[in-house]
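Asker: structure for this input, please:
(one chain, ligands or ions: 1)
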Amino acid sequence: MKKPRKSTESIWAGERDYLAFGATQVPVVHSVSYGYDDMDEWYEVAIGNKKGHIYGRNTNPTVEAFEEKIRILENAEASTSFSTGMAAISNTLGTLLFPGDRIVSIKDTYGGTNKIFTEFLPKQKIEVVLCETGDHEAIEKEVAKGCKVLYLESPTNPTVKITDIERMAKAGKAVGATVIVDNTFATPINQNPLALGADLVIHSATKFLGGHADALGGSVCGSKELVEAIYHYREINGATLDPMAAYLLLRGMKTLKLRIDKQCENAMKIANYLKSVDVVDDVFYPGLKEHPGHDIAKKQMSNFGGMLSFSVKGGVETVRHLLPKLNYANRAANLGSVETIVGPTRTTSHVECTPEERKAMGIPESLIRYSAGIEDVEDLIDDLEQAFHALPKYLFMNS
Ligand SMILES: *Cc1c(COP(=O)(O)O)cnc(C)c1O
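Answerer: Below you'll find the predicted structure:
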């Protein structure tokens with residue numbers, strides 16, 4: 001049969017084998033263990049010769065259906081899952097890196113990932129090299145010196161910088177590195193890193209995949225060999241996805257294509273609106289022609305995503321006045337939900353960093369991250385308009 005399109009896959013993919021009792025929806029299997037009357041069968045399942053489940057830390061049918069859906073959307077050979085996106089990242093790095101190894105990445109990775117790079121990996125005598133995000137020559141130069149892992153994220157959190165995945169994957173392959181891409185911002189609807197040459201694609205399912213801000217989860221997709229090694233690390237170390245969370249993520253993913261299309265459309269319109277606002281200093285959105293990564297984004301993504309950010313005149317004081325005035329936005333730390341979510345970067349993605357570290361990463365203290373929801377965009381723009389209008393003028397008299 002012809003491979004279906006992504007809207008169809010979001011709904012149907014991966015579920016068929018997990019429907020029980022004629023149910024049309026994947027059941028939530030809460031059972032921790034699975035019983036066997038036949039000792040030989042139990043043994044065969046335990047050693048992996050026969051399909052089946054033994055214990056919930058290892059596998060679970062609801063969790064497997066979730067893994068299957070994302071595997072198909074990423075067009076991967078294999079897929080495994082985790083309790084959170086950070087567990088997916090730390091377990092993957094834990095599987096691949098050993099004392100004396102070297103990893104090359106970029107300065108603008110997600111705040112938690114950046115902490116792994118700057119705080120935890122060096123303690124294990126793993127050399128971490130962080131290049132300027134978007135400086136492809138610098139990354140190629142560092143990769144050419146040899147590395148075990150090349151770790152990328154595109155678009156990045158929060159200034160939505162773009163890295164050429166195909167070009168970087170080539171550089172990584174040339175030295176035998178495992179190339180990993182955090183695809184959380186793009187989602188499999190807009191970008192498939194494996195098709196661009198990456199070895200592994202990681203998601204925080206907590207964000208766009210689930211899409212309703214009510215379940216935590218993480219995912220890794222790639223070759224059978226790599227994913228099996230990462231799964232083994234996870235099954236022993238225990239960062240397993242909960243079946244109830246897997247169910248919520250599965251249900252959320254049914255509308256993934258619908259939501260992402262709407263969020264991209266809203267983000268584009270809001271980015272263009274923000275450009276016309278006096279108080280706004282800078283707008284960061286890869287869909288804007290003047291964005292430094294626009295051409296690469298156009299080449300490797302089918303749309304530009306639901307995330308944007310902007311900085312405002314008058315610094316942190318303006319942010320403090322502006323955000324509480326919004327009626328249709330949660331002021332919260334997450335992103336990718338059906339509701340619009342806003343937050344100052346210094347209290348969300350990069351709260352773990354010092355002001356000096358944020359400055360070094362090119363993140364203005366007045367930067368606001370805007371995760372476009374699926375509301376009517378006219379209402380979102382009206383809402384921003386009234387909030388900008390109500391700002392006390394003294395805030396930016398001198399800027
Ligand atoms: C949120 C996020 C993560 C971490 O995911 P959790 O589910 O919160 O652990 C990793 N990468 C990116 C790009 C994210 O936005």
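
Asker: going forward, measure contacts and count neighbours with C-alpha atoms only.
Answerer: Will do.

Asker: right, and the helix or strand after the helix or strand of the chain with the lowest mean pLDDT?
Answerer: Using mean pLDDT, DSSP states H and E, the weakest-scoring helix or strand in the chain turns out to be helix 355-360, at a mean of 77. For helix 355-360, the following helix or strand on the C-terminal side (DSSP states H and E) is strand 367-371.

Asker: tell me the contacts of residue 286?
Answerer: Going by CA atoms under 8 Å, 6 or more residues apart in numbering, residue 286 touches 160, 161, 162, 292, 293, 294, 297, 304.

Asker: and with 10 Å instead?
Answerer: Contact analysis of residue 286 by CA atoms under 10 Å, 6 or more residues apart in numbering lists 155, 159-162, 268, 271, 292-298, 303-305, 307-308.

Asker: now intersect those with the helices, please.
Answerer: 268, 271, 294, 295, 296, 297, 298 (DSSP state H).

Asker: ok, residue 356 - how many residues close by?
Answerer: 10 (other CA atoms under 10 Å).

Asker: from the ligand, how far out is it?
Answerer: From residue 356 over to the ligand the distance is 21 Å, taken as CA to the nearest ligand atom, to the nearest Å.

Asker: just to revisit the earlier point, in the least confident helix or strand of the chain, what counts as buried?
Answerer: residue 358 (16 or more other CA atoms under 10 Å).

Asker: what does the helix or strand hosting residue 141 rub up against?
Answerer: Under the criterion of DSSP H and E, residue 141 resides in helix 136-144. The contact list for helix 136-144 (CA under 10 Å, 6+ apart) reads 102-106, 129-133, 149-150, 163-165, 167-177.

Asker: hmm, which of these are the buried ones?
Answerer: Applying 16+ other CA under 10 Å to the contacts of helix 136-144 flags 102-106, 129-133, 149-150, 163-165, 168-173, 177 as buried.

Asker: in helices only, show me those.
Answerer: Reading helices off these with DSSP H, I get 165, 168, 169, 170, 171, 172, 173.

Asker: what is the nearest of those to the ligand?
Answerer: residue 165 (15.3 Å; CA to the nearest ligand atom).

Asker: pLDDT score for the closest one?
Answerer: In this model, residue 165 is scored at 98, pLDDT.

Asker: next up, the contacts around it.
Answerer: With CA under 10 Å, 6+ apart, residue 165 has these contacts: 136, 152-154, 171, 179-181, 192-198, 296-297, 300.

Asker: rerun that using 8 Å as the cut-off
Answerer: 152, 154, 193, 196, 197, 198, 300.

Asker: mind checking how far it is from residue 227?
Answerer: 20 Å (CA to CA, to the nearest Å).

Asker: check which residues of the helix holding residue 141 are buried.
Answerer: So, applying 16+ other CA under 10 Å, buried residues of helix 136-144: 136, 139, 140, 142, 143.

Asker: thought residue 388 was touching residue 321?
Answerer: No - with contact defined as CA atoms under 8 Å, residue 388 does not reach residue 321; the gap is 9.3 Å.

Asker: out of these two, which sits in the busier spot?
Answerer: residue 388 (20 against 16).

Asker: Three-state assignment for the more buried one, please.
Answerer: Under DSSP: H, G, I helix; E, B strand; the rest coil, the three-state class of residue 388 is helix.

Asker: residues in contact with the closest residue to it other than its chain neighbours?
Answerer: Closest residue to residue 388 apart from its sequence neighbours, by CA to CA, 6 or more residues apart in numbering: residue 322 at 6.7 Å. Going by CA under 8 Å, 6+ apart, residue 322 touches 387, 388, 391.

Asker: ok, and the closest non-adjacent residue to the most centrally placed residue in the chain?
Answerer: Nearest residue to the geometric centre of the chain (CA atoms, centre = their mean): residue 184, 1.7 Å. Once flanking residues are discounted, residue 184 sits nearest to residue 203: 4.7 Å by CA to CA, 6+ apart.

Asker: isn't residue 233 right up against residue 93?
Answerer: No - using CA under 8 Å as the test, residue 233 is too far from residue 93 to be in contact (10.2 Å).

Asker: next, residue 379: phi, psi?
Answerer: For residue 379, the backbone dihedrals (degrees, to the nearest 10) come out as phi -70, psi -40.

Asker: my bad, should have said residue 203
Answerer: Backbone torsions of residue 203, given as degrees, to the nearest 10, read phi -130, psi 140.

Asker: quick check: residues of the stretch 101-250 of the chain near the ligand?
Answerer: 110, 184, 185, 204, 206, 216, 217, 218 (CA under 6 Å from any ligand atom).

Asker: again, only using 8 Å
Answerer: Contact residues, the stretch 101-250 of the chain versus the ligand (CA under 8 Å from any ligand atom): 109-113, 153, 156-157, 182-185, 203-207, 216-218.

Asker: how many neighbouring residues does residue 24 have?
Answerer: Count around residue 24 with other CA under 10 Å applied: 11.
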